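Trainee: Structure of the sequence below:
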Amino acid sequence: MVYVPFTAGEYPTADKLNSRLVQEIMEWTPFTTIGSFSAGFSAATLTPMMRKIRFLGADRWEYKGRISVVAGTIVANVNTTAFTFAVGYRPTTEHGWQLAGGTTGFYGIRTTISTGGLLQVGVPTAAGNNCNGILLDGLHIDAPI
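Mentor: Purely as a prediction, here's the structure:
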């Protein structure tokens, strides 16, 4: 159900604004408690985390932090599974983004999250195979379920 703070023609008052417009459903939670890393990938010092919020009645899942990558783990032009989310932390449709990474020659990292919970990454040939990290800051899914 979509959150509607006021009905059509209603006059807003201070009392009516005294409601939760943003609600945290799940606090920032480390990836290590909601799934598992694949070989060659791990949590960096800036711990990868996820949280669930409800903004004006609509759900949003947000991600932050950095995933460490052993050089050579991400091979150019190949989908590589970095992490698998446990049931309950998987979207109902596939989502994809371009993210920043370390040692990719300034090329982005193609990133997807599948309905099976696979966080997959890939780089183009020109990026080489020396990627040492994936930055998740700013990543989010609106209406994930």
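
Trainee: Find the residue at the geometric middle of the protein.
Mentor: Tyr63 (3.9 Å; CA atoms, centre = their mean).

Trainee: for the particular helix or strand that has that residue in it, packing partners?
Mentor: Assigned by DSSP states H and E, Tyr63 belongs to strand 58-64. The contact analysis (3 or more CB pairs under 8 Å, 6 or more residues apart in numbering; DSSP states H and E) places strand 58-64 against strand 49-55, strand 140-142. Just so you know, the C-beta spots here come from the backbone N, C-alpha and C atoms, and that holds for glycine as well.

Trainee: what angle separates it from strand 49-55?
Mentor: Per axes from the mean of the first three to the mean of the last three CA atoms, to 10 degrees, the angle that strand 58-64 makes with strand 49-55 is 160 degrees.

Trainee: Could you pull out the buried residues of stretch 74-92?
Mentor: Residues Ile74, Thr80, Thr81, Ala82, Phe83, Thr84, Phe85, Tyr89, Arg90, Pro91 are the ones in stretch 74-92 that count as buried (16 or more other CB atoms under 10 Å).

Trainee: Kindly reformat those as JSON lines containing pLDDT and distance to Gln98.
Mentor: Listed next are the buried residues of stretch 74-92 as JSON lines, based on pLDDT from 0 to 100; distance: CB to CB, whole Å:
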{"residue": "Ile74", "pLDDT": "93", "distance to Gln98": "14"}
{"residue": "Thr80", "pLDDT": "96", "distance to Gln98": "16"}
{"residue": "Thr81", "pLDDT": "97", "distance to Gln98": "18"}
{"residue": "Ala82", "pLDDT": "97", "distance to Gln98": "15"}
{"residue": "Phe83", "pLDDT": "98", "distance to Gln98": "18"}
{"residue": "Thr84", "pLDDT": "98", "distance to Gln98": "21"}
{"residue": "Phe85", "pLDDT": "97", "distance to Gln98": "20"}
{"residue": "Tyr89", "pLDDT": "95", "distance to Gln98": "22"}
{"residue": "Arg90", "pLDDT": "95", "distance to Gln98": "21"}
{"residue": "Pro91", "pLDDT": "95", "distance to Gln98": "18"}
